[in-house]
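Participant: 3D, please:
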Amino acid sequence: MTIKDKLNINRHLFYETSHSPSLFDIVGNEMIEKITDFCFIANPYYPNKELITKLQERLPILIKSYPSSNPTVSQKHLSNVLHIDPEYIIIGNGATELITIIQKECINNLAIPVPTFSEYTEKIRNQHQSQLFYLPPENNYQLNLNEYAQWIIHNSISSALVINPGNPTGQLHSLEEMFSFLRATKHLQLIIIDESFIDFAGIEIPSLLSYVHEFQNIVIVRSMSKHCGIPGLRLGYCVTANTDLLHKIRASIPVWNINTIAEYFLTQLYITDEVYHEARKQVISDVTLLYNELSQIPGFYVYPTGANFVLIRIDIGISAGDLQHMLLEDYYLYVRDCSNKIGLDNYHIRVASQGKEKDALLIHALQQISKKYIHHVS
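Facilitator: Numbers count the residues shown, from 1 in each chain. Predicted coordinates:
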C-alpha cells in the first residue's frame, strides 16, 4: 500500500508556493515519521541529543518568557563562534527576514544569477529592478564570476548577488575567485554574498567573514536553518562592516524578532562548537559518498557540489514532478522538484544529504527507477 492509497496527498500545495511545501502539510501527522525528507536542507547531526534535551528541559520557562529587547546579547553569543566583531552582526527571524529587508530597503536594482533561491527574485522591491543573469545549461549552469562582473558593469547595475555555494547548483567559488570578483565590483553600492552552505564547502571553511571589514560594500547573509539544522527555530544572520547599512537594516527589524527558544539556542553555540564542527565534517563526508554513488547511476547527471546537497538532471525521459511523486508515493522519499526555479527546465531535482543510512534509501530507489526506465527505453 502506497502513501497515496493510505493518505490523501495534498497535491495542490505543490503549485501554491515557489518553495517546497512542508512535508507535514502534504501527508499529515500520521505518515510524516515514515518519510525521509531530502527536500529541506538541514544538518542531520546537529543539534545533538544532549542539546535537544537541554532545549526540552528549558521549554516550560522559555515559552512563558519574553525574548530580550537588547539584540547585542545574542550578537555576542554568535560572535563567539564566528570570531568577528559582534557589532557587525544582525540576527534575523530566519535569513529570509533579512533578505526581504535588504532588498526592500537597501537596493535600487540587483543583478541575480539564475537559477537561484527564489526569495531573491521574489522579494525585490520592484520586479523591474531585478536584472537576471541566466546561467547557461550547456555549461551546467555554472557561474563565471569574471563574465558576471563584466555584465554587471556593462549594464550599469548598482547591486549584485552571489550565492556561494550556489543554490540549487551547489557550485563553489574559491576565496581567490571571490576576491577577484569583489575587486572588479568595488564600485557597486551593495553586494549580497549568501554563504548559507559555506560550512559544508570544506574542512577549512572558505568564508569571507574574516575579510568583511576589507569590503565596505558587502553584506554576508547566512541561514542557520541549513548549517545548524534548526529550520523550525527561524534563525539567520547577516554581517557587514558598513555602518550605514547596519543602521538601515536594524531600523527595519521589529523588537523581539527572534523568540526565546532561539535565543537560548544561541547561548549554547560556544559550548557545543566542537560538536558542531564534528557534525558538519560528517556531513561533508556523507555528501561525498552520496555524490559518488549517485554519479554511477545511469540516466542521471549529478552536478559537482560544495554544499550539503546535490542537483540532479533527469535523463530517463520523465519530468522532475513525476519523479518527485514517484519517490514519495512508492519509496517514501521526498525530494525537491526544481521545475519552478527561474532558469531551470523541468528535469532537475535537488536532494540534501540526510546521513549515510537514509542516503542509501535514495540511492537504492534511483537505481531501481533507472533500471526500469532504461530497460524500457532499450
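Participant: quick one: low-confidence parts of the stretch 1-150 of the chain?
Facilitator: Scanning the stretch 1-150 of the chain for pLDDT under 70 picks out 1-22, 24-25, 125-127.
Participant: So which residues of it form helices?
Facilitator: 3-6, 23-27, 49-62, 71-82, 95-105, 118-122, 145-154 (DSSP state H, counting those that start in this stretch).
Participant: JSON lines for the ones you listed, including mean neighbour count?
Facilitator: Every C-beta, even on glycine, is put in place using the N, C-alpha and C of the backbone. As requested, the helices of the stretch 1-150 of the chain are exported to JSON lines (neighbours: other CB atoms under 10 Å):
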{"stretch": "helix 3-6", "mean neighbour count": "14"}
{"stretch": "helix 23-27", "mean neighbour count": "17"}
{"stretch": "helix 49-62", "mean neighbour count": "13"}
{"stretch": "helix 71-82", "mean neighbour count": "18"}
{"stretch": "helix 95-105", "mean neighbour count": "20"}
{"stretch": "helix 118-122", "mean neighbour count": "19"}
{"stretch": "helix 145-154", "mean neighbour count": "15"}
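Participant: Any idea which of those helices gets closest to Glu278?
Facilitator: Among the helices of the stretch 1-150 of the chain, helix 49-62 comes nearest to Glu278, with 12.8 Å by CB to CB.
Participant: Which residues does that closest one contact?
Facilitator: Applying CB atoms under 8 Å, 6 or more residues apart in numbering, the external contacts of helix 49-62 come out as Pro47, Thr260, Ile261, Tyr264, Phe265, Gln268, Thr272, Val275.
Participant: Please tabulate the helices of the stretch 1-150 of the chain in JSON lines and include distance to Val162 as additional columns.
Facilitator: Converted to JSON lines, the helices of the stretch 1-150 of the chain look like this (distance: least, CB to CB, whole Å):
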{"stretch": "helix 3-6", "distance to Val162": "39"}
{"stretch": "helix 23-27", "distance to Val162": "30"}
{"stretch": "helix 49-62", "distance to Val162": "32"}
{"stretch": "helix 71-82", "distance to Val162": "19"}
{"stretch": "helix 95-105", "distance to Val162": "14"}
{"stretch": "helix 118-122", "distance to Val162": "11"}
{"stretch": "helix 145-154", "distance to Val162": "7"}
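Participant: Out of the ones you listed, which is closest to Asp345?
Facilitator: Short answer: helix 118-122, nearest of the helices of the stretch 1-150 of the chain by CB to CB, at 16.1 Å.
Participant: elements contacting the closest one?
Facilitator: Judged by 3 or more CB pairs under 8 Å, 6 or more residues apart in numbering; DSSP states H and E, helix 118-122 is in contact with helix 95-105, strand 110-114.
Participant: ok so, going back, select, out of the helices of the stretch 1-150 of the chain, the one closest to Lys372.
Facilitator: Comparing the helices of the stretch 1-150 of the chain by CB to CB, helix 3-6 comes nearest, at 18.2 Å.
Participant: Enumerate every residue touching the nearest residue to Leu175 once chain neighbours are set aside.
Facilitator: Nearest non-adjacent residue to Leu175, counting by CB to CB, 6 or more residues apart in numbering: Pro206, 5.1 Å away. Residues counted as contacts of Pro206 (CB under 8 Å, 6+ apart) are Leu172, Ser174, Leu175, Ile198.
Participant: Out of the contacts of helix 49-62, name the two that are farthest from one another.
Facilitator: Thr260 and Val275 (22.4 Å).
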